[in-house]
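Q: Provide a 3D model corresponding to the input given below.
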Amino acid sequence: VASSDQDVDVQYLAVSHTGVKLVRREKSLPTDYLKVVDFYNFEDIGEVSTIKSTALQLVMHTGGRVVVTTNKAASIRDLINQFSIEARSGQYEYARALADYSSRDDNALSFTTGEVIAVVQKEDAYTQRGWLYGIKDGNYGIFPAD
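A: Now for the predicted structure:
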């Protein structure tokens, strides 16, 4: 990955059950190691999205944004969402679809009438506008609350 902040040299992005780390490789004799440049807890991350197909954006609850460039933006977005949900795992509430919903948006779930969706508690710009965040068939995304 590469950071949009030219003052920060980021080479790798690491995802764990506690958050997201931006990392760079430090080469100095006699050691060669990875140094954490920045760390973001899942509790601080409000939204993870892709910008085009080569940029990943983390939007913080505080309004800050982190953008990194990578050819695997969509896969990393899905991985971060999965780890974030697992970190907050517990009892889910479930919703049954009352109508079909289809979307071309990579961040949205599509479903048919009668399907069951696990609702994940999450606060972000989408949920404040009447959307819910959920899991269906291993896919994570937003869907309309109505």
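
Q: just for the protein, where's the confidence low?
A: Low-confidence segments of the chain, defined by pLDDT under 70: 1-8, 88-91.

Q: okay, helices next: where are they in it?
A: Applying DSSP state H to the chain gives helices spanning 73-87, 125-128.

Q: and Ala95, which of the ones you listed is closest to it?
A: helix 125-128 (13.4 Å; CB to CB). Every C-beta, even on glycine, is put in place using the N, C-alpha and C of the backbone.

Q: list the buried ones in that closest one?
A: Residues 126-127 are the ones in helix 125-128 that count as buried (16 or more other CB atoms under 10 Å).

Q: and that helix, what does it pack against?
A: Judged by 3 or more CB pairs under 8 Å, 6 or more residues apart in numbering; DSSP states H and E, helix 125-128 is in contact with strand 45-51.

Q: the strand it packs on versus helix 73-87: what angle between them?
A: 160 degrees (axes from the mean of the first three to the mean of the last three CA atoms, to 10 degrees).

Q: contact partners for the spatially closest residue to Tyr12 that is not a sequence neighbour?
A: Nearest non-adjacent residue to Tyr12, counting by CB to CB, 6 or more residues apart in numbering: Val23, 4.3 Å away. By CB atoms under 8 Å, 6 or more residues apart in numbering, Val23 lies in contact with 10-14, 34-37.

Q: again with Gly64
A: Per CB under 8 Å, 6+ apart, neighbours of Gly64: none.
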